[in-house]
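**Q** Provided below are the primary sequence and the corresponding predicted coordinates.
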Amino acid sequence: METVPPFFRHGPGPFARLFVFALLSCILIAEDTRFKYFPHLRQSIGVIIFPLQRIAYFPADIVDSIEKFIASFYLLEENEKLRQLYLESREQLLTLHALGSENNHLRNLLGAVRQIETQTKTKAVLADILYTPRDPFNHKITLNKGSRHHIELGQAVIDDKGIVGQITQLYPWSSEVTLITDKDHLVPVQVLRNGIRSIVTGTGKNNELALRFLSLNTDVQRDDLLVTSGIGGVYPPGIPVAIVQRIEQDSGDDFALIIGTPVAGADRNKQVLVLSLIPTEPTDSSETPVIESGKN
């Protein structure tokens, strides 16, 4: 009997193979659905081949690490540039805010000058504040304008809100201003609401002025605005000085103590205006008030 050589021997046919694999698939599906033995087997196989997977991915991981390491240098450099740009932009923004505030303050000063000029004959000189003392008991500031700039002793100093003080020391290129909060400073004022006149004095505190020697029944109320009366010829009339904050009455005393808060402040501004009254010739009109010359 002749035998077929091995290299001519044929295996199962295609339909037989299809049948075997289809049957095997059905068996595996049935087993995976009912008995669930193969998931445990897959997990065991996964644990065994995990080190091999890590070894296979190791070259790719090294390449990724090198790329991230190189990219980190570029990110650090870019972050440093962005930080520098942010700081420069922040500085410019703060400078713009400061300039804007200063510009608004100068506009307000100009408006204050125009308002005063419509009420009385004055001239004004813009001055910068050179020095504000840190001593709470020293209520004086130094300006960058002096006698060389036609500044004179006794001239009033204002900001865009109201009275700041008075020139009390004069030098060629600078001058010293005594603030209205100084305990030895006096300012003739009147209540804007009803025209009652009095004198406001400093108390030695930065935010406090006092009205003394007013009777207990004087018509002064909280939030009343005190303005300069113009008496004495130092301060032009009608400039805001203080706002009444509280009224202290003692039944054992014949007078009331009225405390106010200054509307102006040298600690809020960099520039102030130095005012001086321009002398006017007296007229015969009985309606024109006579301003007595003098100094507080």
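**A** Thanks, I have the structure now.

**Q** Gly233: which element?
**A** Using DSSP states H and E, Gly233 sits in no helix or strand.

**Q** same thing with Asn104?
**A** Counting by DSSP H and E, the element that carries Asn104 is helix 38-119.

**Q** after that helix, which helix or strand is next?
**A** Per DSSP H and E, the first helix or strand lying C-terminal to helix 38-119 is strand 122-131.

**Q** I'd like the next helix or strand past that following strand.
**A** Using DSSP H and E, the next helix or strand after strand 122-131 towards the C-terminus is strand 140-143.

**Q** what is the end-to-end distance of stretch 145-165?
**A** For stretch 145-165, the first-to-last residue distance is 15 Å (CA to CA, to the nearest Å).

**Q** mind checking which helix or strand of the protein has the lowest mean pLDDT?
**A** Among the helices and strands of the chain, helix 38-119 carries the lowest confidence by mean pLDDT, DSSP states H and E, at a mean of 72.

**Q** what's the neighbour count on the closest residue to Asn207 other than its chain neighbours?
**A** In space, and not counting its chain neighbours, Asn207 is closest to Thr261: 5.5 Å by CB to CB, 6 or more residues apart in numbering. The C-beta positions use only the backbone N, C-alpha and C, and glycine is treated the same way. Neighbour count for Thr261, taken as other CB atoms under 10 Å: 14.

**Q** one more: Asn206?
**A** Residues near Asn206, counting by other CB under 10 Å, number 15.

**Q** might one say that it is in contact with Pro136?
**A** Yes: taking contacts as CB atoms under 8 Å, Asn206 lies within contact range of Pro136: 7.0 Å.

**Q** C-terminal to the host helix or strand of Val164, what's the next element?
**A** Secondary structure from DSSP H and E places Val164 in strand 163-170. Using DSSP H and E, the next helix or strand after strand 163-170 towards the C-terminus is strand 175-179.

**Q** export that next one as PDB, just CAs?
**A** Extracted as PDB, the C-alpha positions of strand 175-179 are listed here (Å, rounded to 0.1, in the frame of the first residue of the first chain):
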ATOM      1  CA  SER A 175       7.600 127.800  53.100                       C
ATOM      2  CA  GLU A 176       6.000 126.300  56.200                       C
ATOM      3  CA  VAL A 177       2.300 125.900  56.600                       C
ATOM      4  CA  THR A 178       0.600 125.500  60.000                       C
ATOM      5  CA  LEU A 179      -2.400 123.300  59.500                       C
END
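
**Q** now the angle from that strand to strand 122-131?
**A** In terms of direction (axes from the mean of the first three to the mean of the last three CA atoms, to 10 degrees), strand 175-179 departs from strand 122-131 by 90 degrees.

**Q** so which bits of the strand holding Val164 are buried?
**A** Residues 163-168, 170 are the ones in strand 163-170 that count as buried (16 or more other CB atoms under 10 Å).
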